[in-house]
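S.K.: Just a sequence and a predicted model for now, questions to come.
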Amino acid sequence: MKANYKQFDKMTKTPVKKLVRRLAVPTIISMMVTIIYNLADTYFVSKISVASSGATGIIFSLMGIIQAFGFMFGHGSGSCVSRKLGAKDIKAAYNYCSTGFFLALGLGVIIAVLGLVFLTPLTRALGSTDTILPYARDYGRFILIAAPAMTTSCVMNNILRYEGLASLAMIGLMTGALLNIALDPILIFSLNMGITGAGVATAISQYIGMIVLLSVFLSGKPQCRISPKHIVLKPRFVWDIVSTGAPSLARQGLNSVSTMIMNVQAAAFGDECIAAMSISAKLLMFIFSVCIGVGQGFQPVCSFNYGAKLYERVREAIKYTWRFSTEIMAVLSSVMFVMAPYVVQLFRSEQAIVEIGTNAVRFSCVAMLFLPTVMMANMTFQSIGRTAPAFFLACAQNGLFFIPLVLILPKFIGVTGIEVAQPLGYIISAAIAIPYLLKFLNKLKNS
């Protein structure tokens, strides 16, 4: 188990700005392709009926819950791997990699089995109305079947990124997403499978993507290895992974719970409101993914150099990524703000859906300017293993403020309350995140 000195030099000696951009580009590309796949999925399914379009929003939150656990093990083991590689502790990096993978696999199987057994109450709890329920069941069944592939792919993708091999991580994600886009129209329309075809396409593409990522590890290109012999199940070791990954679970999980609550609140205003919020969420993910992609390019730089005790490089990476991601959000949000009504109409032309969807997109475009601040604070502390502030900030970003707002505001301002709840949550969270970031930057300066 020898250190890869070429990779070590790349992560610790390449100019920080160049390294962040180099690692961010493939991540942004892969996330953009994934979002395009989600948009394509929504587009094709929306051509079936309004209820089918609403079902994609319902099951989108289920996918988010599954991926939340995958990200917990992925970010948890990936952050530990990166810091251990920075410290040249290769054996521990192997252990974190394999343990995270097999824990994610086991949990994915459990989620699939329990979800299929309780499919009807689960889809109702996620916000299905009586008209949406049959479609949500048909679609959700195959999403649950794909759960083991989703959780393990999250682990492999994140470990590759944290090693600084973002291009290899991109291959697996893009393979599955592009396959899904190709299969959707064939299965939904050509074979007349309807929304079931969309579910089947997703399940097939998820497993193909998992196989591609696993083959990357088996090829020996990454420094880490996936093998049962490297599993370590000591409580303290597993806790390192779970506690480091907990902010990702909170971030993704609360996002799904928030979406579920929003769907329940939106149901009071009809299927059109659920469909509109579902479409707007998918459109905003296009912008959101770029911001997260830049942040994910930053994470391995931060964790690797923190493990190598190169604190000035960590500080430089934080300041650069914070500024760069905010500038990108300003440009993309401005474009989406202007184009919102035209883009929403590509999915559904009903007046109520276009009006609600446009308003939701535009409110969120304003709030997106504050997203990089929340993201940077969250990702920084998670990357260096500071789980307490990372967990709190993750909760603040996706649930701590949004959930009360979406429960309270519609009672006073109706549909507008649903449209503005998430944007207001982002703005409040950013105000809380700024002192955390500034304090840590000052600490690094004095280290």
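M.R.: Perfect, thanks for sending it.
S.K.: Could you list the low-pLDDT ranges of this protein?
M.R.: Low-confidence regions of the chain, defined here as pLDDT under 70, cover residues 1-5.
S.K.: So which residue is dead centre in it?
M.R.: A centroid search over the chain (Cα atoms, centre = their mean) returns Q252, at 6.4 Å, as the residue closest to the centre.
S.K.: Quick check: closest non-adjacent residue to that one.
M.R.: A68 (3.3 Å; Cβ to Cβ, 6 or more residues apart in numbering). Bear in mind the C-beta positions are built from the backbone N, C-alpha and C, glycine included.
S.K.: element containing that neighbour?
M.R.: helix 50-86 (DSSP states H and E).
S.K.: Any idea how far that helix is from the middle of the chain?
M.R.: Mean-position distance between helix 50-86 and its chain equals 5 Å (Cα atoms, centre = their mean, to the nearest Å).
S.K.: likewise stretch 261-275?
M.R.: 23 Å.
S.K.: Okay, buried residues for that stretch please.
M.R.: 261-267, 269-275 (16 or more other Cβ atoms under 10 Å).
S.K.: So what touches it?
M.R.: 46, 50-51, 53-54, 57-58, 61, 126-127, 129, 131-132, 277, 348, 350, 352-353, 356, 403, 406-407, 410, 414-415, 418, 421-422 (Cβ atoms under 8 Å, 6 or more residues apart in numbering).
S.K.: which residues of the stretch 1-150 of the chain fall in helices?
M.R.: For the stretch 1-150 of the chain, applying DSSP state H, counting those that start in this stretch gives helices covering 5-13, 16-46, 50-86, 90-117, 119-125, 133-145, 147-163.
S.K.: Buried subset of the contacts of stretch 261-275 as a ChimeraX selection?
M.R.: To isolate the buried members of those in ChimeraX, using 16+ other Cβ under 10 Å:
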select :46,50,51,53,54,57,58,61,126,127,129,132,277,348,352,353,356,403,406,410,415,418,421,422
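S.K.: Number of residues surrounding R236?
M.R.: By the criterion of other Cβ atoms under 10 Å, R236 has 7 neighbours.
S.K.: now do I143
M.R.: I143 has 22 nearby residues by other Cβ under 10 Å.
S.K.: Can you tell me how far it is from L103?
M.R.: Going from I143 to L103 by Cβ to Cβ, to the nearest Å gives 21 Å.
S.K.: P148 too?
M.R.: The gap separating P148 from L103 is 12 Å, by Cβ to Cβ.
S.K.: now V155
M.R.: According to Cβ to Cβ, V155 and L103 sit 8 Å apart.
S.K.: One more: F363?
M.R.: Applying Cβ to Cβ to F363 and L103 gives a distance of 39 Å.
S.K.: which of these two has more neighbours?
M.R.: More crowded of F363 and L103, by other Cβ under 10 Å: L103, with 24 against 20.
S.K.: Would you mind confirming that that one makes contact with F237?
M.R.: No: taking contacts as Cβ atoms under 8 Å, L103 lies outside contact range of F237: 10.7 Å.
S.K.: Could you export the helices of the stretch 1-150 of the chain as a markdown table, including distance to R315?
M.R.: Formatted as a markdown table, these follow (distance: least, Cβ to Cβ, whole Å):
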| stretch | distance to R315 |
| --- | --- |
| helix 5-13 | 14 |
| helix 16-46 | 9 |
| helix 50-86 | 16 |
| helix 90-117 | 24 |
| helix 119-125 | 44 |
| helix 133-145 | 41 |
| helix 147-163 | 19 |
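S.K.: Tell me which of those helices lies nearest to M368.
M.R.: Shortest distance between M368 and the helices of the stretch 1-150 of the chain, using Cβ to Cβ, is found for helix 16-46: 14.4 Å.
S.K.: and the closest one, what other elements does it pack with?
M.R.: Under the contact criterion of 3 or more Cβ pairs under 8 Å, 6 or more residues apart in numbering; DSSP states H and E, helix 16-46 touches helix 50-86, helix 166-185, helix 195-218, helix 271-307, helix 311-345.
S.K.: Turn those into CSV, columns for distance to L233.
M.R.: What follows is the helices and strands packed on helix 16-46, written out as CSV (distance: least, Cβ to Cβ, whole Å):
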stretch, distance to L233
helix 50-86, 13
helix 166-185, 26
helix 195-218, 20
helix 271-307, 23
helix 311-345, 31
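S.K.: which one of the ones you listed is the most hemmed in?
M.R.: Comparing the helices and strands packed on helix 16-46 by mean neighbour count (mean count of other Cβ atoms under 10 Å), helix 50-86 ranks first with a mean of 27.
S.K.: Neighbours of M31, how many?
M.R.: Residues near M31, counting by other Cβ under 10 Å: 23.
S.K.: That one against I292, yeah?
M.R.: Yes: M31 lies in contact with I292 (Cβ under 8 Å); the separation is 6.5 Å.
S.K.: How far off centre is stretch 396-413?
M.R.: On Cα atoms, centre = their mean, the centre of stretch 396-413 falls 21 Å from that of its chain.
S.K.: Same question for it: list its buried residues.
M.R.: 396-403, 405-406, 409-410.
S.K.: of those, closest to S227?
M.R.: Of all the buried residues of stretch 396-413, S227 sits closest to N398, with 34.5 Å by Cβ to Cβ.
S.K.: Tell me who's in contact with that closest one.
M.R.: Contacts for N398 (Cβ under 8 Å, 6+ apart) come out as 250-252, 254-255, 258, 425.
S.K.: quick one: contacts of stretch 226-237?
M.R.: By Cβ under 8 Å, 6+ apart, stretch 226-237 touches 94-95, 97-99, 101-102, 156, 214, 217-218, 238.
S.K.: next one: stretch 433-447
M.R.: So stretch 433-447 is contacted by 311-312, 314-315, 318-319, 322, 373-374, 376-378, 380-381, 389, 393, 396 (Cβ under 8 Å, 6+ apart).
S.K.: check contacts around M32.
M.R.: Each residue near M32 by Cβ under 8 Å, 6+ apart is listed here: 286, 289-290, 293.
S.K.: how much space between it and L332?
M.R.: From M32 to L332 the distance is 11 Å (Cβ to Cβ).
S.K.: element containing M375, please.
M.R.: Using DSSP H and E, M375 falls within helix 371-383.
S.K.: Would you mind confirming that V314 makes contact with G307?
M.R.: No: in this structure, V314 is not within contact of G307 by Cβ under 8 Å, at 10.0 Å.
S.K.: which neighbours do those two share?
M.R.: With Cβ under 8 Å, 6+ apart, V314 and G307 have no common neighbours.
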